[in-house]
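> no letters, just coordinates:
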């Protein structure tokens with residue numbers, strides 16, 4: 001049987017280990033945690049740290065909310081493995097709800113009590129923390145991070161590499177571009193372009 005590895009070794013990676021590995025959400029044997037150091041993959045397991053040897057049948061769960069680390073992991077491991085459902089499975093914790101009427105790419109992670117509703121279209125490598133949600137007919141791109149209780153209502157369009165803080169709410173039919181940050185507790189009623197902050201009720205451009 002193939003091994004499954006967690007990409008990351010921080011606090012959230014430990015939550016993923018508990019909900020996904022100990023919660024028996026996957027059938028594969030757990031192979032350990034992986035970090036990157038100087039673009040070299042290091043495996044952290046029960047016997048300590050060793051260089052990762054890239055087994056052909058390895059499978060991976062991306063388990064960090066840090067934007068740069070996520071980029072590095074995705075770039076590194078998609079250079080070593082095909083970007084497909086085998087190596088980068090979509091993984092659901094036991095109490096997540098992912099609609100059978102939704103569609104998605106690869107490498108997505110859904111923690112307990114997260115929700116994907118009917119006809120949502122989900123890209124690759126998105127991460128939904130507990131109690132976050134995406135509602136009907138919303139289209140989501142790649143590598144977006146949803147903090148706890150972040151929610152997107154119906155008919156929204158969301159690009160790539162956006163970060164939704166805890167308790168953010170996006171109202172129906174909003175459009176959000178790429179690399180935006182929505183601060184905790186905000187409610188968005190208007191569109192966002194690319195590389196913007198939404199904080200204290202104001203949408204601001206990020207520094208270049």
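Looks like it came in fine. None of the values given here were measured: they were computed from a predicted structure. Numbers count the residues shown, from 1 in each chain.
> what helix or strand is residue 203 located in?
strand 202-205 (DSSP states H and E).
> just the buried positions in that strand, please.
Within strand 202-205, the residues that count as buried by 16 or more other Cβ atoms under 10 Å are residue 203. C-beta coordinates here come from the backbone N, C-alpha and C atoms, glycine included.
> so which elements touch it?
Secondary-structure packing of strand 202-205 (3 or more Cβ pairs under 8 Å, 6 or more residues apart in numbering; DSSP states H and E): strand 196-199.
> give me the residues contacting the strand it packs on.
177, 180, 181, 182, 183, 186, 188, 192, 203, 204, 205, 206 (Cβ atoms under 8 Å, 6 or more residues apart in numbering).
> mind doing that once more with 6 Å?
180, 181, 182, 183, 186, 188, 203, 204, 205 (Cβ atoms under 6 Å, 6 or more residues apart in numbering).
> now tell me which helix or strand of the chain has the poorest mean pLDDT.
strand 202-205 (a mean of 79; mean pLDDT, DSSP states H and E).
> pull up the pairing partners for that strand, direction included.
Strand 202-205 sits in its sheet next to strand 196-199 (antiparallel), going by DSSP bridges.
> now stretch 194-208: how far from the chain's centre is it?
Computed by Cα atoms, centre = their mean, to the nearest Å, the separation of stretch 194-208 from the middle of its chain amounts to 22 Å.
> next one: stretch 89-98
12 Å.
> can you give me the helices in this structure?
11-16, 67-80 (DSSP state H).
> dump those to TSV, plus mean pLDDT.
As requested, the helices of the chain are exported to TSV (pLDDT from 0 to 100):
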stretch	mean pLDDT
helix 11-16	97
helix 67-80	97
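> would you turn these into a markdown table with distance to residue 170?
Listed next are those as a markdown table, based on distance: least, Cβ to Cβ, whole Å:
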| stretch | distance to residue 170 |
| --- | --- |
| helix 11-16 | 22 |
| helix 67-80 | 19 |
